[in-house]
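Colleague: this one's structure only:
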């Protein structure tokens, strides 16, 4: 699984001009599921993400986690994180999971965060979405569960 994690002051996602998910301070997570991903990848991401110390403490050091600051998550499914741009000019997406698997893992990711007491807002799977964010820092982390 691949995740682009952005620390935000706020974030929202719109579908057909209507806000379907919004958060205050926390993380915008763009999540891609790969064809090769399995339950171990999901577990790794759910164990790692809430505890990443990427929020500032009183001294301005990144020492606090999402759980420490009681931040929220906006999770947006994004298969394009598996774009293969090595050949030609049009990206290929053959490494991305199909819609059934992609949605199942996306939903499991959201539910896994909620079970940890995290407030999670979502986009709409396979919809054309507009994502707004007020980046905080900016702090952007890219995680690939195959690189552990």
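Modeller: Good, I have the coordinates. Note that this is a predicted model, so its numbers are computed, not measured. Residues are numbered from 1 along each chain as shown.
Colleague: quick one, strands of this protein?
Modeller: 2-15, 18-23, 26-32, 55-56, 62-64, 72-77, 120-122, 129-144 (DSSP state E).
Colleague: in TSV, list those strands along with distance to residue 96.
Modeller: In this view, the C-beta of every residue, glycine as well, is placed from N, C-alpha and C. Below are the strands of the chain laid out as TSV (distance: least, Cβ to Cβ, whole Å):
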stretch	distance to residue 96
strand 2-15	9
strand 18-23	22
strand 26-32	7
strand 55-56	30
strand 62-64	31
strand 72-77	10
strand 120-122	19
strand 129-144	13
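Colleague: which stretches of the chain have low pLDDT?
Modeller: Residues of the chain meeting the criterion pLDDT under 70: none.
Colleague: just give me the residue closest to the centre of it.
Modeller: residue 29 (2.1 Å; Cα atoms, centre = their mean).
Colleague: centroid-wise, who is the farthest residue in the chain?
Modeller: Most peripheral residue of the chain (Cα atoms, centre = their mean): residue 88, 28.1 Å.
Colleague: what is the burial count for residue 59?
Modeller: By other Cβ atoms under 10 Å, the residues close to residue 59 number 6.
Colleague: just read off the phi/psi values of it.
Modeller: The phi and psi values for residue 59, taken as degrees, to the nearest 10, are phi -90, psi 10.
Colleague: and it, how far is that from residue 9?
Modeller: 20 Å (Cβ to Cβ, to the nearest Å).
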